[in-house]
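>>> sequence first, predicted coordinates after that:
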2 protein chains.
Amino acid sequence: MSTRAPRQPQRRRPTRSGVLLSEELITDTALRLIGEHGPEALSVRRLGAALGCDPSALYRYFRNTDDLLLAIADRIIGDAMDGFTPGPDWVASLREMASRVRAGYLAHPRAAAMAAYRVTRRENEIRAVEAGVGLMLSAGFPPPEAVRLYLAFIDTVLSHAALDASCVALPRQQREADQRAWTEAYQAVDPEAFPALTTVRGELRRLGESSFDEAVDLLLAALAARAPGKAART
Amino acid sequence: MSTRAPRQPQRRRPTRSGVLLSEELITDTALRLIGEHGPEALSVRRLGAALGCDPSALYRYFRNTDDLLLAIADRIIGDAMDGFTPGPDWVASLREMASRVRAGYLAHPRAAAMAAYRVTRRENEIRAVEAGVGLMLSAGFPPPEAVRLYLAFIDTVLSHAALDASCVALPRQQREADQRAWTEAYQAVDPEAFPALTTVRGELRRLGESSFDEAVDLLLAALAARAPGKAART
DNA sequence: ACTTTGCGTCAATGCTGTTGACATAAGGCG
DNA sequence: CGCCTTATGTCAACAGCATTGACGCAAAGT
């Protein structure tokens, strides 16, 4: 393959503005750009400008923008999972994984919204998969089920975290308007046509809140109920 | 607001090629374009070409491409839930809702991927919430819990559907590369450092599949286990 | 028939990612 | 130390993108 992009350049040369480029510096700057000016602020040209280098220099470090995006995603994963070690209680450990992923995504909401559904196939992601699958195995699930259930778990966590991140990434006004909608627009529905909504009218504001914890709790409860260790006890 | 885009033009004039434009014709053609030539085929220019009009004519009907995508998304929701009526079996009904949402999203993945995280607070959405909350109430959950659990359910369904749609919406090459990652990059890991991955190595390709059904099943199982009707029987 | 004005068309602007040629300096080697 | 290779930053160019403002035609209202 002649077109591969070297991950670790050996002959780094300062740019016109004196900066020494590196994969880490580039992803850092990209995350800062996205955080400050929104996801649409991330373009090769703007990133080059922010780094003080020619835009095309980035192609010495990443094959294309998708490759760059995956690197950013992997970095978020790495930051979130930094220092995590699975404990003996597999349910509690999975819950902590979920919590960490969510925190990592919320720390970079706009970048997370772009990268949540990608497979980075890089170091940090691989380590996270190892930890999650290991927990499923330690719960007593046989390999095929362990993989399937881990996937269901991590997809729920990732997609819920992305959902939360997307909401946080919305402009302030729009987010508040969405929140108000539940306590305003939905209060005035016709009782005849919408009996259920009328019954729960006082609780509807909860629809604007995050369901992350509830969903994770439900999923972990279902997993615990299905775990072989549990069945063996009866 | 002086820049609003009229939804129902009053003086339609045939284009150079003789077509009478309309919002419906435009969304139809957009969905057809996506369906026939892949998600990346949707651009203002190509859409104009497919319609036989100048690209800029579309701006008489939609403020911008985002507005166009929302119109498409609204249509997808309506189509997906068309004809749905909750039945007596609340678990089966919720499962059908989930299935319908997913099918609707997957039929038009790119539009769905972009619009999934928004609150439309329009007619179709309100009807869906009414149906879902009604099912939770019929399961015996008191109002506060019914709302919380419905939210956890629908967020899981929506975000999983969006996850699936996002993968399908990826350009072909990227999607295949993501899929290949599980059977290539993940096969070669060091057995010492990654014992769990090594154990389940043969099953890893499942990580590229959708976890939608598994996640919905787990969630519905947890809901059924928590339903008051069930507890009353013991 | 005349006026108003909605709407399709044209041309132009400033973005975007990506590539190939080029030059220059880093680092190995004598 | 000085030469050579080549990695790497720079430059210029291309095709495609969304969007906009001016313009003129034709449809609708009177």
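Okay, I see it.
>>> what about the top helix by length along chain A, distance to the chain center?
When chain A is parsed with DSSP state H, its longest helix is helix A:143-169. Centroid separation between helix A:143-169 and its chain, computed with CA atoms, centre = their mean, to the nearest Å, is 9 Å.
>>> can you name the next helix or strand after that helix?
helix A:172-183 (DSSP states H and E).
>>> for that following helix, name the packing helices and strands.
In terms of contacts (3 or more CB pairs under 8 Å, 6 or more residues apart in numbering or on different chains; DSSP states H and E), helix A:172-183 is packed against helix A:143-169. C-beta: built from backbone N, CA, C; applies to glycine.
>>> all the helices of chain A, residue numbers only.
Secondary structure of chain A, counting by DSSP H: helices at A:23-37, A:44-51, A:65-81, A:90-107, A:109-115, A:123-138, A:143-169, A:172-183, A:195-199, A:212-226, A:228-233.
>>> looking at the fourth one now, give me its mean pLDDT.
This means helix A:90-107. For helix A:90-107, mean pLDDT is 95.
>>> then it to CSV, C-alphas only?
What follows is helix A:90-107, C-alpha atoms only, in CSV (Å, rounded to 0.1, in the frame of the first residue of the first chain):
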residue,chain,number,x,y,z
TRP,A,90,-19.3,-6.8,36.7
VAL,A,91,-22.5,-4.9,37.0
ALA,A,92,-20.9,-2.0,38.8
SER,A,93,-18.0,-2.0,36.4
LEU,A,94,-20.3,-1.8,33.4
ARG,A,95,-22.1,1.0,35.1
GLU,A,96,-18.9,2.9,35.6
MET,A,97,-18.0,2.3,32.0
ALA,A,98,-21.3,3.8,31.0
SER,A,99,-20.8,6.8,33.2
ARG,A,100,-17.3,7.4,32.0
VAL,A,101,-18.4,7.3,28.3
ARG,A,102,-21.2,9.7,28.9
ALA,A,103,-18.9,12.1,30.8
GLY,A,104,-16.3,11.9,28.0
TYR,A,105,-18.9,12.7,25.4
LEU,A,106,-20.4,15.5,27.3
ALA,A,107,-17.0,17.0,27.7
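>>> quick one: is that helix near chain B?
No: judged by CB under 8 Å from any CB of the partner chain, helix A:90-107 stays clear of chain B, getting no closer than 11.9 Å.
>>> from DNA strand D, how far off is the residue of chain A positioned farthest from its centre?
Distance from the centre of chain A peaks at residue A:192, with 41.4 Å (CA atoms, centre = their mean). The spacing between residue A:192 and DNA strand D, counted by CB to the nearest atom of the strand, to the nearest Å, is 37 Å.
>>> and the gap between that residue and residue B:131?
Distance, residue A:192 to residue B:131, using CB to CB, to the nearest Å: 15 Å.
>>> ditto for residue A:178
Taken as CB to CB, the span from residue A:178 to residue B:131 is 21 Å.
>>> swap in residue A:151?
Taken as CB to CB, the span from residue A:151 to residue B:131 is 29 Å.
>>> how about residue A:213?
25 Å.
>>> which of these two has more neighbours?
Neighbour totals were compared for residue A:213 and residue B:131, and residue B:131 leads with 20 against 15 (other CB atoms under 10 Å in any protein chain shown).
>>> do I have it right that residue A:87 meets residue A:95?
No: contact criterion CB atoms under 8 Å: residue A:87 and residue A:95 do not qualify, at 10.6 Å.
>>> so between those two, which is more surrounded?
Counted by other CB under 10 Å, residue A:87 and residue A:95 do not tie: residue A:95 has more neighbours, with 17 against 11.
>>> contacting residues for that one?
Shown in contact with residue A:95 (CB atoms under 8 Å, 6 or more residues apart in numbering or on different chains): A:216, A:220.
>>> how about the residues of chain A near DNA strand C?
Within chain A, the positions adjacent to DNA strand C are A:10-14, A:42-46, A:55-56, A:59, A:64-66 by CB under 7 Å from any atom of the strand.
>>> if you set the cut-off to 10 Å instead, what comes out?
Contact residues (CB under 10 Å from any atom of the strand) of chain A with DNA strand C: A:2-3, A:5, A:9-14, A:16, A:20, A:40-49, A:54-60, A:62-69.
>>> turn the buried ones among those into a named PyMOL selection, would you?
Remark: buried members of those, expressed as a PyMOL selection using 16 or more other CB atoms under 10 Å in any protein chain shown:
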select buried, chain A and resi 41+42+44+46+47+48+57+58+59+62+67+68+69
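>>> what residues go with each domain of chain A?
If you go by automatic domain parsing, the domain ranges for chain A are A:19-61, A:64-233.
>>> of those domains, flag the one that's most buried.
Most buried of these by mean neighbour count (mean count of other CB atoms under 10 Å in any protein chain shown) is domain A:64-233; its value is a mean of 19.
>>> and that domain, how far from the chain's centre?
With CA atoms, centre = their mean as the basis, domain A:64-233 stands 8 Å off its chain's centre.
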